[in-house]
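Trainee: give me coordinates for this.
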Amino acid sequence: METRAVGASGLRVSRLGLGTMTWARDTSPEQARSLLEMFLEAGGTFVDTAAAYGAGDAERLLGHLVAELGVRDDVVIATKAGFAVRNGERIVDTSRRALLRDLEGSLTRLGTDHVDLWQLHAWGDAPLAESLAAVDHAIAQGKVRYAGISNFVGWQTAQAATWQASYPTRTPLSSVQVEYSLLARRAEVEVLPAASAFGLGVFPWSPLGRGVLTGQYRSGTPRGSRAATDHFAWFVEPYLEPRSRGVVEAVVRAAEGLDLSPLQVALLWVRDAPGVTAPLLGARTAGQLAPALAVEDSELPHEIASALDDVSGGPNLARPLG
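Mentor: This next block holds a predicted model:
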């Protein structure tokens, strides 16, 4: 698999990443092993997790598999801190105390002495300078190699990047993680321009529109899909409204003309969008991951990518003219 630089940093990762949000909950240990083995065999290197995923169980499972397969030097492990779900309530705590506590827990669960990319999972109420000082501290201790942010809006991205770049001893940010797909193009307004201006790599999450762009919901909610589960229905429902149907149908038509699946068309659109480093694949099974990995040698014709731009919200002004 082709690799790409993470923004202006020296870090390079595969141009597709493997997400682990469902691991140890909807994805069993056996399925997770198959996913990781398939991803590595395809040349993938970037694996993203978080302290909050499965209340730490996703990290624990990833650490076990990496050790069992003996591939620590072959993977770029990214994790996140500052966010948790407690008693069904989402808690954001980006204080120095909480962030460093999360990091220690992540290192223990992952079974490693460092993470390659450590990301603030969300913007919090703690002073930004305090949160970023915790990042610098972790870097200085050798427990973190590169730093990033996740789910920051445009002005927050710019403020964080500017703060870190304003003093020589601070660690420059390397990346931003943000939702981005044909059904979620808000990142193009401010986040992607900010990332470009500050030399940040971009890791889109939910590049398949929370699964809706695969076309599986065109005639209802399939049994076993995320929308059919109690804990993920809320996540998918916003993209099952009528406004999404036209985009999904355009993806399906493009797929038919290109002899690809809708999943592959939607993924290629994100993977090769201006500024993107690596979309994160949230596959739950090897059967879902295989078609995503099969697009390595494919790309969308410029006219198809532009047509999908038009139907999903308008031209992408950063896209080079064909």
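Trainee: need phi/psi at the closest residue to Ala278 other than its chain neighbours.
Mentor: If you skip the residues right next to it in sequence, Ala278 has Gly17 as its closest partner in space, 4.4 Å away by Cβ to Cβ, 6 or more residues apart in numbering. (Each C-beta comes from the backbone N, C-alpha and C, glycine too.) Main-chain torsions, Gly17, degrees, to the nearest 10: phi -110, psi 160.
Trainee: go on, Pro291?
Mentor: Torsion angles, degrees, to the nearest 10, at Pro291: phi -70, psi -30.
Trainee: show me the contacts for it.
Mentor: If you count contacts by Cβ atoms under 8 Å, 6 or more residues apart in numbering, Pro291 has them with Ser261, Leu263, Gln264.
Trainee: residues near the residue nearest to Ala278, how many?
Mentor: Residues contacting Gly17 under the criterion other Cβ atoms under 10 Å number 25.
Trainee: that one: what's it in contact with?
Mentor: Contacts of Gly17 were listed using Cβ under 8 Å, 6+ apart, and they are Gly44, Phe46, Val47, Asp48, Ala78, Phe203, Ala278, Pro279, Leu280, Leu281.
Trainee: kindly state the beta-bridge partners for it.
Mentor: On the basis of DSSP bridges, Gly17 is bridged to Phe46, Leu280.
Trainee: ok, now how distant is it from Ala126?
Mentor: Shown here: Gly17 relative to Ala126, a distance of 28 Å by Cβ to Cβ, to the nearest Å.
Trainee: and what of Thr27?
Mentor: In this structure, Thr27 and Ala126 are separated by 32 Å, where distance is defined by Cβ to Cβ.
Trainee: those two - which one has more neighbours?
Mentor: For Thr27 versus Ala126, the count of surrounding residues by other Cβ under 10 Å is larger for Thr27: 23 against 19.
Trainee: just checking, that one touches Ala286?
Mentor: No: the criterion here is Cβ atoms under 8 Å, and Thr27 misses it with Ala286 at 10.1 Å.
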